[in-house]
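1. Here is a sequence with its predicted model. Questions after.
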Amino acid sequence: MSVTIRTLQKRKQDGEKFSVLTAYDACFSKLISEAGIDAILVGDSLGNVIQGQSSTVPVTLEQMAYHTECVARGNSGSLIIADVPFMGAATVERALESSTALMQAGANMVKLEGSAWLAESIELLNRNGIPVCAHMGLTPQAVNALGGYRVQGKDDDSATEMLEAARILEQAGAAMLLLECVPRELSTRITQAVNIPVIGIGAAPECDGQVLVMHDMLGISPGKPARFVKNFMTDASDIPSAFKAYHEAVLNVSFPAEEHCF
Ligand SMILES: Nc1nc(=O)c2c([nH]1)NC[C@@H]1CN(c3ccc(C(=O)N[C@@H](CCC(=O)O)C(=O)O)cc3)CN21
Ligand SMILES: CC(C)C(=O)C(=O)O
Ligand SMILES: [Mg+2]
């Protein structure tokens, strides 16, 4: 049985969690979907882990479409979400163009980084049959504007603004939200405030789903891992077992723990 947006919506209603991992090629896509991971994110983090870039800014739409095709060929039943890359949603027209390319490459949903200002694009995409996940909090494509990879929504004003943006995007027809590096308490409030599924990374165990970059949870990313990363390879005998352990940990809410949150 394939996972659809309705599957994840129902999980939220039933108080059940769901798991998401990134993949960029057919081989890992197959292993991840066979391990029972609910959704695969073709993340623009491929800039970091595949291309060796120091940010996601250089990643192009053509590259995202290529990796989405590869992932779609290997997938067996997980929901495929593809990242719209840097500037791909700068205008409504561009958002439509980028999302068309990713859906035609095999995505089931697109993810756009931004905030309340995405409402117009989301409405139009939704009207044309493209479900959208809105990525809020730390939006890595804006690393140069944010002045680094930092937790977002720490003060009262920015927290209120993020909660309000979540409501606006749900109203505009967003199918899902993703919160990255958002304090646990605010993440919990947002998850409870909306009826659409909320995915967390560096957010809260109270979110409806969790995502990690595959290379991070296998412990093979270069450099110091971010606070929200757990290496699932240390207690696993092989890669498929690490994927299954992650899936179980997300579903039984043992991951993320306090030490992975802000
Ligand atoms: N391998 C990889 N994993 C990722 O999770 C990831 C990428 N690449 N590339 C794109 C973005 C960049 N991301 C990042 C990168 C660094 C931090 C980081 O170092 N965060 C600090 C928070 C500091 C604070 O307290 O404000 C941390 O300590 O975790 C967070 C997200 C998430 N994404
Ligand atoms: C870190 C996740 C949420 C992402 O956007 C990516 O992998 O590109
Ligand atoms: Mg991304």
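-> Sure thing, it's come through. Ligands and ions are numbered 1, 2, ... in the order given.

2. And residue 53, how far from ligand 1?
-> From residue 53 across to ligand 1, the span is 9 Å (C-beta to the nearest ligand atom, to the nearest Å). To be clear about C-beta, it is placed using only N, CA and C from the backbone, and glycine gets the same treatment.

3. burial count for that residue?
-> 15 (other C-beta atoms under 10 Å).

4. That one contacts residue 44, doesn't it?
-> No - judged on C-beta atoms under 8 Å, residue 53 makes no contact with residue 44 at a distance of 9.8 Å.

5. so what sits against both of these two?
-> Applying C-beta atoms under 8 Å, 6 or more residues apart in numbering, one finds that residue 53 and residue 44 are jointly contacted by residue 59.

6. Return the residues of the stretch 51-200 of the chain in contact with ligand 2.
-> Residues of the stretch 51-200 of the chain lying near ligand 2 by C-beta under 6 Å from any ligand atom: 83, 178, 180.

7. near ligand 3, which residues of this protein?
-> 43, 44, 83 (C-beta under 5 Å from the ion).

8. The first one against residue 213, yeah?
-> In other words, residue 43. Yes - using C-beta under 8 Å, residue 43 is in contact with residue 213, at 6.5 Å.

9. Looking at the residues of the chain next to ligand 3, which one is closest to residue 74?
-> residue 43 (15.6 Å; C-beta to C-beta).

10. Point out where the stretch 101-250 of the chain drops to low pLDDT.
-> Of all residues in the stretch 101-250 of the chain, none has pLDDT under 70.

11. from it, which residue is nearest to ligand 3?
-> Residue nearest to ligand 3 within the stretch 101-250 of the chain: residue 140 (6.0 Å; C-beta to the ion).

12. Now do the contacts for the nearest residue to that residue once chain neighbours are set aside.
-> Closest residue to residue 140 apart from its sequence neighbours, by C-beta to C-beta, 6 or more residues apart in numbering: residue 56 at 5.2 Å. Contacts were defined as C-beta under 8 Å, 6+ apart; by that measure residue 56 touches 44, 45, 47, 48, 83, 85, 86, 140, 141, 143.

13. Could you do residue 250 as well?
-> So residue 250 contacts 17, 18, 19, 209, 210 (C-beta under 8 Å, 6+ apart).

14. Noted, bye for now.
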